[in-house]
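A.B. asks: Quick one: sequence and predicted model below, then my questions.
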Amino acid sequence: MIKAVIIDDEPLAREIVKEYLLNFPQIQVVQECNDGFEGLKAIQQHQPDLIFLDIQMPKITGFEMLELVEKLPAVIFTTAFEEHAIRAFEVNAVDYLLKPFGSDRFDKAVQKWLDHFHKPAEMPDTSSLLEAAGANPVQNNRVVIRFNGKIKIIPVPDIHYLEAADDYVKVITAEGSFLKNKTMAFFEKTLDPAQFTRVHRSYILNVTQVTRIEPYEKENHLAILRSGAKVLVSKTGYPKLKAALGL
C-alpha cells in the first residue's frame, strides 16, 4: 500500500483530492492536515510516499514546511496561485496542479509518479526541494527554523545579523542565536539589500541595528549594534556599509 498525506487548509480541496484518489486504490490517505504544522507532524509520523501540498496556508507556507522535513516524500503541489508554478518545477516537484483542476489532470499527475514509483533512480532528486523550500525571506518577511524540536518563526526585521557557521548560518536576534540550514550566499541574494549588507565573508548585517562604526586592527572596522554586539567589517565591506547607511 502506498501512503499519502493531504495538506491543505481548505476542507473542500481535501475532499476533492480524496475523491479523485478513488481511481487509485493502491494509494491510501493516512492523514489529512489543515496547515503546515499538522503536515510536518503527519510526515514525521507516517513517512508517506507521496504528499498533496497546498502552498498558501495559515501559519507557515507549504514551501516553509518542506524545509523542515528531514526525509522528503514525493510532492504534488495543489494551489490556486499560478505564480508559484515556476518555483515548483524548479525544485523538481512531481507536478503542479492549479485549482480548480479536474480528475483527468489529477490522474495524469498521479500516474506520472506511479510510473516511476518502483524506479526511484529515475525519479527527480527531491532533495533539491530544500534549496527553495524556505521561499524568499523577503517575500514572507520571516525565517522559519527548527529549534529544540520546535518550529520558530523569526520576522526578518528582528534579525540583528547573520554569521557563517560551517554548513549553517547563525541567525542572531534579541532572543539569541539560531542555526539555519542555508548559506550566506542565499541570504545575501534574498534579503533586502537596503536593510541587510554583507560586511564580511562571515557576516551579513542589519544596518538599522548599527549605532556607530569604530576602527579596528589593520584596515578592518567594527560595527557596534544597539544590543552592544560588535560585528567585524572587512576592508571591502566597509564602503558597502557606509553606502547602506548613507555616509
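C.D. replies: Structure received.

A.B. asks: Tell me where the chain has helices.
C.D. replies: 11-20, 36-46, 62-67, 85-90, 103-117, 129-133, 137-140, 184-190, 237-245 (DSSP state H).

A.B. asks: can you tell which of those helices is closest to Tyr96?
C.D. replies: helix 85-90 (4.3 Å; Cβ to Cβ). C-beta coordinates here come from the backbone N, C-alpha and C atoms, glycine included.

A.B. asks: For the closest one, give the mean pLDDT please.
C.D. replies: Regarding helix 85-90, the rounded mean pLDDT is 58.

A.B. asks: From here on, call the first residue 21.
C.D. replies: I'll keep to 21 as the first residue from here, and by that count the last item is helix 105-110.

A.B. asks: need the helices of the chain in TSV with mean neighbour count and distance to Glu195, can you?
C.D. replies: Listed next are the helices of the chain as TSV, based on neighbours: other Cβ atoms under 10 Å; distance: least, Cβ to Cβ, whole Å:
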stretch	mean neighbour count	distance to Glu195
helix 31-40	16	35
helix 56-66	18	20
helix 82-87	25	19
helix 105-110	15	30
helix 123-137	15	41
helix 149-153	18	23
helix 157-160	16	17
helix 204-210	16	18
helix 257-265	16	24
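
A.B. asks: Indicate which one of those is closest to Arg246.
C.D. replies: The nearest among those, by Cβ to Cβ, is helix 257-265 at 13.9 Å.

A.B. asks: Which residues outside the closest one are in contact with it?
C.D. replies: By Cβ atoms under 8 Å, 6 or more residues apart in numbering, the surrounding residues in contact with helix 257-265 are 213-214, 217-220, 223, 225, 227, 230, 233, 239-241, 243, 253.

A.B. asks: filter the residues you listed to the buried ones?
C.D. replies: Thr217, Arg218, Val219, His220, Tyr223, Leu225, Val227, Val230, Ile233, His241, Ala243, Val253 (16 or more other Cβ atoms under 10 Å).

A.B. asks: who's in contact with the residue with the largest distance to the centre of the chain?
C.D. replies: Distance from the centre of the chain peaks at Lys238, with 38.8 Å (Cα atoms, centre = their mean). Lys238 makes contacts with Lys255, as judged by Cβ under 8 Å, 6+ apart.

A.B. asks: Next one: it, what pLDDT does it get?
C.D. replies: Lys238 is given a pLDDT of 84.

A.B. asks: now it: how far from Ala194?
C.D. replies: Counting by Cβ to Cβ, to the nearest Å, the separation of Lys238 from Ala194 is 31 Å.

A.B. asks: Next: Ala214.
C.D. replies: 21 Å.

A.B. asks: Where does pLDDT dip in the chain?
C.D. replies: Within the chain, the stretches with pLDDT under 70 are 103-112, 138-160, 168-169.

A.B. asks: Break it down into its domains, please.
C.D. replies: Following the TED database, the chain resolves into domains at 22-138, 172-265.

A.B. asks: Export those domains as TSV, with columns for distance to Arg162.
C.D. replies: Output for the domains of the chain, formatted as TSV (distance: least, Cβ to Cβ, whole Å):
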stretch	distance to Arg162
domain 22-138	8
domain 172-265	5
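
A.B. asks: Out of those domains, which is closest to Val164?
C.D. replies: domain 22-138 (4.5 Å).

A.B. asks: Now do that closest one: distance to the chain's middle.
C.D. replies: 16 Å (Cα atoms, centre = their mean, to the nearest Å).

A.B. asks: repeat for stretch 212-220
C.D. replies: That offset, for stretch 212-220, works out to 20 Å (Cα atoms, centre = their mean).
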